[in-house]
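Enquirer: 3D model of this:
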Amino acid sequence: MGDRHADRRKGGGGGGGGDDRPRIWTGYGKLVKHFRELAGMTQSELADAVGYSCEQAASIEQGRRPAKSAFTEAAEQVLNAGGALRVLQEDVDLARLPLFFQDFAAIEAEAVSRFSYDPLLIPGLLQTEEYARALLNAHFPPLDDEVVEERVAARMARQALIGRRQPPIVFVFIIEENALHRRVGGDEVMKGQLQWLLKCAQLRNVEVQIMPTSRAAHSGLNGAMVLLEDVDRRQFVYIEAQDIGTVVSARDQVSEFWMRYGMLRSQALDTEESVRLVERVAGDLCMPTSP
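Expert: The predicted model follows:
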């Protein structure tokens, strides 16, 4: 898969010995403590200087919570860290994602094109915060509230890919019509989600196609898939089910997925028809129900 992706995996995984904190978080925290002590500051003084509570600053130092970019930028200035904290921020953010997903997220971050087929749900890159939280709250076994919020934040952070300019990235999302009707989080959450989907579909680098329920059997029914091409023009496929994710890089297998995806694009509604369908479903949610 490439050394740079392997290096990220080493930085993002959990620690051993029963400690489930990502190693990158504990390493980042140790660096913060090191620079703080060099600066002759207490935790309380650092917290005041960067606008955090003492408990929040202590949690970051101990690797119990990830630093956000705002903390990193403030700490860089206050502690004169010379970029040592800033260079770790991407990996700190990556480790907020589930471990099984991190390999894929590392490749996705360097992609120039991303084509996906989603048979059950609105894809994560197009989800609203409320929709994502409702999905994570439905996870079983249940996730801790803190884990839910971390994963929501990580999912929202990933969406910056859509507006990335250097290098720009092209997106195609094929979504099964059934996903539009599954009222995740209730009517209000779903109405907001569909409205957001329509806004995303207007972006120049985003195409949304709906696979209508009226379409009979097709090859996408075998499951979801994401096809990626990175800056070096290497192609990958990501397959995920029940919290197990697999990255495929073998050329012959990847080629078959690209052919399959081309067929799915021809079978789905075109972008204009897709927008009209989403608008109709969203409109139905806005209609008052009969008493």
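Enquirer: where does Ala106 fall, helix, sheet strand or coil?
Expert: When classified by DSSP: H, G, I helix; E, B strand; the rest coil, Ala106 comes out as helix.
Enquirer: What is the neighbour count of it?
Expert: 24 (other CB atoms under 10 Å). From N, CA and C alone the C-beta is placed, and that goes for glycine too.
Enquirer: Equivalent analysis for Gln89, please.
Expert: 19.
Enquirer: do Leu126 as well
Expert: Residues lying near Leu126 (other CB under 10 Å) number 23.
Enquirer: heads up, I number from 9, so please use that
Expert: All right, first residue 9 from here; so that's Leu134.
Enquirer: Would you quantify the distance from it to Ala249?
Expert: In this view, Leu134 and Ala249 are 20 Å apart by CB to CB, to the nearest Å.
Enquirer: Check Arg12 and give its pLDDT.
Expert: As predicted, Arg12 sits at a pLDDT of 42.
Enquirer: just the one 10 residues further on next, same as before
Expert: If you check Gly22, the pLDDT there is 44.
Enquirer: shaky segments in the stretch 159-299 of the chain?
Expert: 295-299 (pLDDT under 70).
Enquirer: Do you have the strands of it handy? List them.
Expert: Along the stretch 159-299 of the chain, the stretches classed as strands by DSSP state E, counting those that start in this stretch are 178-184, 214-219, 233-238, 243-249, 252-256.
Enquirer: how about JSON lines for the ones you listed, with mean neighbour count added?
Expert: Listed next are the strands of the stretch 159-299 of the chain as JSON lines, based on neighbours: other CB atoms under 10 Å:
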{"stretch": "strand 178-184", "mean neighbour count": "21"}
{"stretch": "strand 214-219", "mean neighbour count": "22"}
{"stretch": "strand 233-238", "mean neighbour count": "22"}
{"stretch": "strand 243-249", "mean neighbour count": "18"}
{"stretch": "strand 252-256", "mean neighbour count": "14"}
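Enquirer: Could you dump the ones you listed into TSV with distance to Arg31 added?
Expert: Formatted as TSV, these follow (distance: least, CB to CB, whole Å):
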stretch	distance to Arg31
strand 178-184	32
strand 214-219	35
strand 233-238	25
strand 243-249	24
strand 252-256	20
